[in-house]
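[1] For reference, the sequence and a predicted model appear below.
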Amino acid sequence: MTNSDYLWWRDGVIYQIYPRSFMDSNGDGIGDLPGITSKLDYIAGLGVDAIWLSPINVSPMYDFGYDIADYEDIDPIFGTRADFDHLIAEARRRGLKIMMDLVINHSSHLHAWFKESRSSRHNPKADWYIWKDKPADRKYPNNWASAFGGPAWEWAETRRQFYYHMFLKEQPDLNWRSPDLRRAVFSSIKFWLDRGVDGFRLDVVNGYFKDAQLRNNPPRFTLNPLTIEMQRQKRIYDCDQPELLDVYHEFRAMLDSYSERGSVGEVMGDDSKLVASYV
């Protein structure tokens, strides 16, 4: 492979860092961004091309940072945006790329977006999350299950509606069918690209859209009595919807408007042909 053919995100080695446990710079027992910066010579010496940081955005940490409460700021336990800018600059000086974990299937229930959305059925962000009335003939809007066990619907008294959460109830799913929500997410992505982030690891990349009719998932046969509800369903309606490809094209176009930006997506599922189709 010639140098002209080389793409760091395709051909390079990416080193994952879980910031909380990597290097503590101030003695508070929690790893942080200055700690990572202090170890860049060591990381570069390993011969890697890029660093993927597990989530560092503001978060109440119900799910170790995968519940983001502010897409455009750094959680104080890890440092500041200035610390992050310094990390990017020092990494670039050593020929290293920096990738962020991008969690845009869901947010924290403490995100300002969700607080507003939950406040009433009539507000500017009322449709930024997936809401459904209580059905007359059953307990929940449908049979979708949470990845962590139990039903994937939580009642919000303020709206007198259920909201959907693929993971914890503290992680309400974003409604990608809302044009305003979509624009807000892409604005936050651009915010980090403009700061020099080289790429993203996309969390639950095949889950952004759910069936518009919220139809029940059909049952899936299993002999394992310990499987959770989600694993006892054929997940054809709560993920892998055709609208995903349009978002991927828009995301890729945004990356391509910058120089040498890359991404990798986490696809939940065990259908190899379906997974391959996202590439």
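    Nice, I can see it.
[2] tell me the mean pLDDT over stretch 153-167?
    Model confidence over stretch 153-167, given as mean pLDDT, is 98.
[3] any idea how far residue 127 is from residue 179?
    Using Cβ to Cβ, to the nearest Å, one obtains 9 Å as the distance from residue 179 to residue 127. In this view, the C-beta of every residue, glycine as well, is placed from N, C-alpha and C.
[4] So for these two, which sits in the more crowded spot?
    A count of neighbours by other Cβ atoms under 10 Å puts residue 127 above the other of residue 179 and residue 127, at 16 against 9.
[5] helix, strand or coil for that one?
    Three-state secondary structure (criterion: DSSP: H, G, I helix; E, B strand; the rest coil) places residue 127 in coil.
[6] wait, isn't it in contact with residue 178?
    Yes: using Cβ atoms under 8 Å as the test, residue 127 is close enough to residue 178 to be in contact (4.6 Å).
[7] Show me the common contact partners of the two, please.
    Taking Cβ atoms under 8 Å, 6 or more residues apart in numbering as the contact criterion, residue 127 and residue 178 have no common neighbours.
[8] For the stretch 1-150 of the chain, just list every one of the strands.
    14-17, 50-53, 57-58, 70-74, 97-102, 131-132 (DSSP state E, counting those that start in this stretch).
[9] Longest helix in this structure, please.
    When the chain is scanned for its longest helix (criterion: DSSP state H), the result is helix 179-194.
[10] Show residues contacting the following helix or strand past that helix.
    Along the chain past helix 179-194, the next helix or strand (assigned with DSSP states H and E) turns out to be strand 199-202. By Cβ under 8 Å, 6+ apart, the list of residues contacting strand 199-202 from outside reads 9, 50, 52, 97, 99-102, 104, 189, 255, 261-266.
[11] switch to 10 Å and redo it
    Counting by Cβ atoms under 10 Å, 6 or more residues apart in numbering, strand 199-202 makes contact with 8-9, 14, 16, 50, 52-55, 97-105, 189, 192-193, 208, 248, 251, 255, 258, 260-267, all of which sit outside it.
[12] mind listing what residue 142 touches?
    Shown in contact with residue 142 (Cβ under 10 Å, 6+ apart): 132, 135, 151-153, 162, 164, 210-211, 213-217, 237-238.
[13] quick one: which of those has the most company?
    Neighbour counts for the contacts of residue 142, by other Cβ under 10 Å, peak at residue 152, which reaches 27 neighbours.
[14] where exactly do the helices run in the stretch 1-150 of the chain?
    The residue ranges that make up the helices of the stretch 1-150 of the chain, judged by DSSP state H, counting those that start in this stretch, are 8-11, 33-38, 40-45, 81-93, 112-119.
[15] Looking at the first one now, give me its mean pLDDT.
    Think helix 8-11. pLDDT averaged over helix 8-11 equals 93, rounded to a whole number.
[16] Can you give the contact residues for that helix?
    Helix 8-11 is touched from outside by 1, 5, 14, 49-50, 95-97, 99, 198-200, 255, 260-264, with contacts defined as Cβ under 10 Å, 6+ apart.
[17] mind running it again at 8 Å?
    Contacts to helix 8-11, defined as Cβ under 8 Å, 6+ apart, come from residues 1, 49, 50, 97, 198, 199, 260, 262, 263, 264.
[18] Can you report how many residues neighbour the closest residue to residue 81 other than its chain neighbours?
    Counting by Cβ to Cβ, 6 or more residues apart in numbering, residue 81 lies nearest to residue 74, which is 5.5 Å off, once chain neighbours are set aside. Residue 74 is surrounded by 20 other residues when neighbours are defined as other Cβ under 10 Å.
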